[in-house]
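Visitor: Need a 3D model of the sequence below.
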Amino acid sequence: MVIHPTAIVHPNARLGEDVEVGPYSVVGEHVKIGRGTTLLSHVSVGGWTEIGAHCQIFPFASIGMAPQHLHYKGEPTRVVIGDHNILREYVTVNRGTVQGGGVTAIGRHNFLMAYVHVAHDCQIGNHVVMANAATLAGHISIGDHSVIGGLVGIHQFVRVGAYVMIGGCSAVGKDVPPFMRSAGGYRAQLYGVNSIGLRRHGFSNERISTLKRAYELLFRSGLRIAEAVKQAREDFKDQPDVLEVLSFLDGSKRGVCRSVGRDQEDEE
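Guide: You can find the predicted model right below:
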C-alpha cells in the first residue's frame, strides 16, 4: 500500500493490498477499497463507498458524495463499484437515496470517460462504456456491454438494455430495448438493431437476422405494441434474444423510444 504524504486517509478506511492513494486525494471514514486499485491524484472518495479491486480512478473524480436530491437527509446510503473499472478525470458518482433503494451500483470492467456523471440510485452493469460528459439522472439502469455516446443525457427512471448503442448528443427520455441503436438529438429514437456492436461481441449472422425480423414486427409493422408483442411471442417463442427484448418491453414504465422511418435509417 502506497499513500502519498499529501493524501488524507481516515484511519477507519479499509484499504486492500497494493492500493495506491495519490497526491492530494481524500479517502473518508466509511470507505473500502479493494486490492490493486489506484487513485491517481486529487481524488475524493467519501460516504459509505466500496470500490473493488484493480480499478483506476483519475484526477478530480468524486465518488460517493451526497446525492443531488432535495429529500436526502444524510442517511448512510452507499456506492458500490466492482472490479477492473476505469473512471477518468472529473467523473462523479453519487450515493443512493432511501427512496431509491439506497445503493448506486457500478459493475465490472466498465470505462467511464471524463466528466461522466452517475446520479443517485443508478445501476450500471458490466463492460459498459460511457463517453465524455455522458450524464445519468437518478434511478437509471444500463445493461451489460452497452455504449453511451458523448454528451448523452438520460432522463431519470429510464432503462437501457444490454448491447445498446446510444449516439452522441442524444437526449433519451424513454427506455431503449436490448440490442438496439438509438440516437436523435432532442428526443432519441430507435435506428434498428445494433448490428455492428453485436458482431463485435460474437453474435452470429443468424442471431442478428432474427433480431432484425423481430424489430420489424415490434416497431415497424404498424401494430400496437401490445399486439406486436403478442405476435412476437408466437413467432419467436424459441429465440432467447427476442424473448429478452419482450421481457424488457413488459417491464417498461416510461414507454419505449420510437422507431424512425425507413427512409431515415442508414444501412449497416
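Visitor: Val45 and Lys32 touch, don't they?
Guide: No - the pair Val45 / Lys32 is not scored as a contact, 9.7 Å apart, by Cβ atoms under 8 Å. The way it works is simple: take the backbone N, C-alpha and C, and place the C-beta from them, glycine included.
Visitor: More neighbours: which of the two?
Guide: Under the criterion of other Cβ atoms under 10 Å, the comparison of Val45 against Lys32 puts Val45 first, with 28 against 16.
Visitor: Name the residues that touch stretch 5-20?
Guide: Stretch 5-20 is contacted from outside by 1-3, 21-39, 53, using Cβ atoms under 8 Å, 6 or more residues apart in numbering.
Visitor: Now which of those residues would you call buried?
Guide: 3, 21-22, 25-28, 30-34, 36-39, 53 (16 or more other Cβ atoms under 10 Å).
Visitor: Show me the domain layout of the protein.
Guide: Domain ranges of the chain: 2-139, 199-264, per automatic domain parsing.
Visitor: Of these, which stretch is the most buried?
Guide: Mean neighbour count (mean count of other Cβ atoms under 10 Å) peaks for domain 2-139 among these, with a mean of 20.
Visitor: mean confidence score for that domain?
Guide: Domain 2-139 shows a mean pLDDT of 98.
Visitor: for stretch 202-220, same thing?
Guide: In this model, stretch 202-220 has a mean pLDDT of 98.
Visitor: Where do the helices of the stretch 101-250 of the chain begin and end?
Guide: Secondary structure of the stretch 101-250 of the chain by DSSP state H, counting those that start in this stretch: the helices cover 195-200, 205-215, 225-235, 240-250.
Visitor: The third one versus helix 205-215: what angle between them?
Guide: Between the axis of helix 225-235 and that of helix 205-215 there is an angle of 150 degrees, by axes from the mean of the first three to the mean of the last three Cα atoms, to 10 degrees.
Visitor: any idea of the mean pLDDT in helix 225-235?
Guide: Regarding helix 225-235, the rounded mean pLDDT is 97.
Visitor: For it, report the contacting residues that lie outside it.
Guide: Contacts of helix 225-235 (Cβ under 8 Å, 6+ apart): 214, 217-219, 221, 223, 242-243, 246, 249-250, 256.
Visitor: From the residues you listed, pick the one nearest Met130.
Guide: Val256 (21.3 Å; Cβ to Cβ).
Visitor: Give me the distance between the closest residue to the closest one other than its chain neighbours and Gly161.
Guide: Of all residues not flanking Val256 in the chain, Asp175 sits nearest, at 5.0 Å (Cβ to Cβ, 6 or more residues apart in numbering). Asp175 is 8 Å from Gly161, where distance means Cβ to Cβ, to the nearest Å.
Visitor: shared neighbours, those two?
Guide: With Cβ under 8 Å, 6+ apart, Asp175 and Gly161 have common neighbours Phe248.
Visitor: starting at the chain centroid, how far to stretch 19-33?
Guide: With Cα atoms, centre = their mean, to the nearest Å as the basis, stretch 19-33 stands 24 Å off its chain's centre.
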